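Student: structure of the sequence below:
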Amino acid sequence: MGPMGILLSVLLITAPSDSRSADGELRGALRAAAQCAEHGDDAAVIERLSGIRGGENSYEAQHLLAGAYVRLGQKSEARRCCLAAISLKPDALDDRVELGKLYAAEGKWALALAAWEKAENQGRGDDATLHEEMAVAYAALHQYRGATISRRIPHAVAGQIRKDHYVWGPAPNEPDEVILCPKASAIYHVARALELGSQSLRLARVRADMYAELKDFATALAIYREIEPRVADAERAEFCMRFGEALLAVDDVDGYVEKSAEAARLDPQRYGPQRAAAYERAAARANTAGDLANYVRYLELALEASEPSADLHCRLGNAYWETGRKDDAARHWRITLELEPEY
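Tutor: Numbers count the residues shown, from 1 in each chain. Next up is the predicted model:
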């Protein structure tokens with residue numbers, strides 16, 4: 001819970017109506033807990049309010065407890081208090097948003113979206129950050145465009161929001177109709193967040209990854225190139241892998257190899273073992289294109305990056321033979337048979 005949530009709690013605590021739901025002991029504990037929250041002492045918030053008589057029926061107590069547990073990383077307790085706060089005050093939008101974040105942190109995307117959609121419908125529809133969170137969730141569920149429909153809408157332009165739909169573009173074989181993506185889609189919430197002024201790197205990455213998944217590699221690559229300087233070191237390895245996959249999709253094999261190698265250098269534990277596979281994929285592309293020189297080069301790199309492999313030695317031997325390097329071919333074939341005599 002942010003400062004605004006704490007401020008809301010303080011206002012509610014000091015309001016006269018609070019006396020209807022809490023006795024003097026509870027009111028005193030709430031005031032003390034709100035002060036502790038303002039000073040960042042979340043352990044003291046929990047100590048003040050846990051087990052206090054009447055606290056289980058006090059929205060303010062559950063709201064403050066949820067915030068304290070969130071900041072301390074105690075997610076199950078935070079979720080329990082968020083649910084309790086919402087049950088006591090169904091229009092508590094901050095708590096619904098926080099509940100969605102807790103579900104999202106566990107990968108429970110459908111539950112996160114259910115919480116966020118209620119917050120959106122109850123008054124947070126113009127919150128760019130909320131739309132960004134929803135875009136991330138729909139992307140995680142691979143609902144990039146959702147259940148699209150085509151309709152005839154005069155003067156509709158691709159990229160527009162029309163009521164509860166995003167205009168994707170002209171419908172195939174229907175020149176007077178456009179494809180519409182529903183609210184239950186990543187593209188809709190990406191567009192709403194942008195419309196509301198979001199310029200976050202996270203949203204840009206969601207956009208790029210989404211377009212790559214939708215096979216619009218030109219758009220994805222344009223975004224990847226634009227945001228590359230802004231990507232933090234801690235996130236750069238994964239970013240390079242996604243960037244590289246998009247480059248490979250448009251047959252930029254050297255670019256793919258470069259990004260794969262950078263990812264392996266930045267995070268050798270996660271991406272190091274994938275280096276050999278990346279070189280093999282590049283070799284296969286070169287072979288398909290009839291580029292024998294790069295086919296040999298990438299096979300050599302794959303062999304350097306991998307454990308001893310009879311298959312790689314054999315393929316490299318065959319490639320050397322095609323280029324006229326017969327001694328090198330024979331050497332690799334011998335190694336192939338040493339590794340696997342029955343090859």
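Student: what about residue 50, distance to residue 64?
Tutor: With distances taken as CB to CB, to the nearest Å, residue 50 is found 11 Å from residue 64. Heads up, the C-betas are built off the backbone N, CA and C, glycines and all.
Student: between the two, which one's more packed in?
Tutor: residue 64 (32 against 14; other CB atoms under 10 Å).
Student: name the helix or strand for that one, please.
Tutor: Under the criterion of DSSP states H and E, residue 64 resides in helix 59-71.
Student: mind checking which helix or strand of this protein has the lowest mean pLDDT?
Tutor: Sorting the helices and strands of the chain by mean pLDDT, DSSP states H and E puts helix 3-14 at the bottom, at a mean of 47.
Student: hmm, back to that, mind listing what's buried along the helix holding residue 64?
Tutor: 59-70 (16 or more other CB atoms under 10 Å).
Student: sorry, back to before: what mean pLDDT does the following helix or strand past the least confident helix or strand of the chain have?
Tutor: Remark: after helix 3-14, the chain's next helix or strand is helix 24-38, criterion DSSP H and E. Across helix 24-38, pLDDT averages out at 91.
Student: swap in stretch 326-333?
Tutor: On average, stretch 326-333 scores 93.
Student: list of residues touching it?
Tutor: 313-314, 316-318, 320-321 (CB atoms under 8 Å, 6 or more residues apart in numbering).
Student: okay, strands next: where are they in the stretch 101-250 of the chain?
Tutor: 149-151, 161-162, 165-171, 174-182 (DSSP state E, counting those that start in this stretch).
Student: strand partners of the longest one, parallel vs antiparallel please.
Tutor: Neighbouring strands of strand 174-182 in its sheet, by DSSP bridges, are strand 149-151 (antiparallel), strand 165-171 (antiparallel).
Student: return the most buried member of the ones you listed.
Tutor: strand 165-171 (a mean of 19; mean count of other CB atoms under 10 Å).
Student: tell me the mean pLDDT for that one?
Tutor: Per-residue scores along strand 165-171 average to 95.
Student: and the contacts of that strand?
Tutor: 145, 148-150, 153, 156-161, 177-183, 185, 187-188, 191.
Student: mind listing the helices for the stretch 201-343 of the chain?
Tutor: 201-213, 217-227, 233-249, 253-266, 268-271, 275-288, 292-305, 310-322, 326-339 (DSSP state H, counting those that start in this stretch).
Student: repeat for the stretch 51-200 of the chain
Tutor: Under DSSP H, counting those that start in this stretch, the stretch 51-200 of the chain gives helices at 59-71, 75-88, 93-105, 109-119, 128-140, 186-195.
Student: redo those helices as CSV? Include mean pLDDT and distance to residue 261.
Tutor: Converted to CSV, those look like this (pLDDT from 0 to 100; distance: least, CB to CB, whole Å):
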stretch, mean pLDDT, distance to residue 261
helix 59-71, 95, 39
helix 75-88, 96, 37
helix 93-105, 96, 32
helix 109-119, 97, 33
helix 128-140, 97, 27
helix 186-195, 97, 30
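Student: want to throw those into TSV with distance to residue 34?
Tutor: Converted to TSV, these look like this (distance: least, CB to CB, whole Å):
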stretch	distance to residue 34
helix 59-71	7
helix 75-88	15
helix 93-105	15
helix 109-119	23
helix 128-140	24
helix 186-195	32
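Student: ranking these by mean neighbour count, which comes first?
Tutor: Of the helices of the stretch 51-200 of the chain, helix 59-71 is the most buried (mean count of other CB under 10 Å), at a mean of 26.
Student: now that one against helix 75-88, angle please.
Tutor: Angle of helix 59-71 versus helix 75-88, following axes from the mean of the first three to the mean of the last three CA atoms, to 10 degrees, is 160 degrees.
Student: PyMOL command to pick out the buried ones of the contacts of strand 165-171?
Tutor: Here is the PyMOL command that selects the buried residues among the contacts of strand 165-171 (16+ other CB under 10 Å):
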select buried, resi 145+148+150+153+156+160+177+178+179+180+181+182+183+185+187+188+191
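Student: number of nearby residues for the nearest residue to residue 303 once chain neighbours are set aside?
Tutor: Counting by CB to CB, 6 or more residues apart in numbering, the nearest residue to residue 303 once its immediate chain neighbours are dropped is residue 312, at 5.0 Å. Residue 312 has 23 neighbours, counted by other CB under 10 Å.
Student: fine by me, we can end here.
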